[in-house]
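In: With the input below, show me the fold.
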Amino acid sequence: MTIKQFLLLFVQSLNPRAYRSLISRKKRDVAKYFFVLILYCVILSGLTNIPNFVKIPSQVEGTLSKISKLNITGLDVEITEPVTLLDQPKIVIDFSPNLTIDNEWILITKENVQFKKLQLKLFEPISTQEKPIEEYSNVLQSANMINGTYCIILFIMLPSLFFLSYLLNFAKYSIIVTFVLFLSFIATKILKRKIRFQNLLKSVFFASTIMIFLDIVISPLINLSIVPFLLYLGILSLVLKDEKHYPQKK
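Out: Below you'll find the model as predicted:
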């Protein structure tokens, strides 16, 4: 499916009057459109969130730039519970005794700094290393290492994050659309609408465009709550309400 074909279907799916043309398409075309719609939406969502990922190292650097000197050698610090400096990748300060690194990428204890390091080994791509805390006594100099580690990890994880995001979104919207299809089928039977099941199926999938686009691309930027789902039901209701969109069932 070309971008031009996709954009045409995208625009038509937002117009209830265009559904007579949409339901004349093959089921294979509907499936392709659904796959590509989620793919493009995930890509757009990733692009719009790039500034949020890039911002984290600069925030750390900006905070430390306000300090002319910070040396932690001989500094007596007590914490009552572990402190998470960053969630992705996970950077934790924990002064509990006999602590070893687990799901953290960088673990700072009283005695040492433990961190995971990528290596070119098939069966052991990540190794764990530790260095005495004295080597990182100057926090301002060590900040560059943290920023660099973050950028490398983010770059390596991007393909996996993208693939995982696509799978989760595909599963999520497949379940929602299937549920709406089931409810729509029951509704057409109760209202005695003479609509073929395959035409109903195509309408339900095409009408999901507005929900998928708003939910994946716009919702991370603006809290839309259940508005995308309500718009989905609204467009579908307008389409199913007018039987002239559908060839009559014989």
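In: tell me the phi and psi of L14?
Out: Backbone geometry at L14, expressed as degrees, to the nearest 10, gives phi -90, psi -10.
In: no wait, I108
Out: Main-chain torsions, I108, degrees, to the nearest 10: phi -110, psi 120.
In: now it, nearest residue through space, not along the chain?
Out: I93 (4.6 Å; CB to CB, 6 or more residues apart in numbering). Every C-beta, even on glycine, is put in place using the N, C-alpha and C of the backbone.
In: Repeat that for F34.
Out: Spatial nearest neighbour of F34, chain neighbours left out: F205 (5.5 Å); criterion: CB to CB, 6+ apart.
In: lowest-confidence helix or strand of this structure?
Out: When each helix and strand of the chain is scored by mean pLDDT, DSSP states H and E, strand 83-86 comes last, with a mean of 66.
In: Give me the packing partners of the helix or strand following that strand, helices and strands only.
Out: Toward the C-terminus, strand 83-86 is succeeded by strand 91-93 as the next helix or strand (DSSP states H and E). Judged by 3 or more CB pairs under 8 Å, 6 or more residues apart in numbering; DSSP states H and E, strand 91-93 is in contact with strand 83-86, strand 106-108.
In: Parallel or antiparallel, list what pairs with strand 91-93.
Out: Using DSSP bridges, strand 91-93 pairs in its sheet with strand 83-86 (antiparallel), strand 106-108 (parallel).
In: for it, what is the average pLDDT?
Out: For strand 91-93, the mean pLDDT works out to 75.
In: ditto for stretch 46-61
Out: Averaged over stretch 46-61, pLDDT sits at 65.
In: What of stretch 3-21?
Out: The average of the pLDDT scores along stretch 3-21 is 91.
In: Just the buried residues of it, please?
Out: Judged by neighbour count using 16 or more other CB atoms under 10 Å, the buried positions of stretch 3-21 are F6, L9, F10, Q12, S13, P16, A18, Y19.
In: and it, how far apart are its ends?
Out: Start and end residues of stretch 3-21 are separated by 19 Å (CA to CA, to the nearest Å).
In: Next one, pLDDT for the residue nearest to D215 when sequence neighbours are not counted please.
Out: Nearest non-adjacent residue to D215, counting by CB to CB, 6+ apart: P228, 4.5 Å away. Among the per-residue scores, P228 holds a pLDDT of 93.
In: Check L158 too.
Out: pLDDT recorded at L158 is 67.
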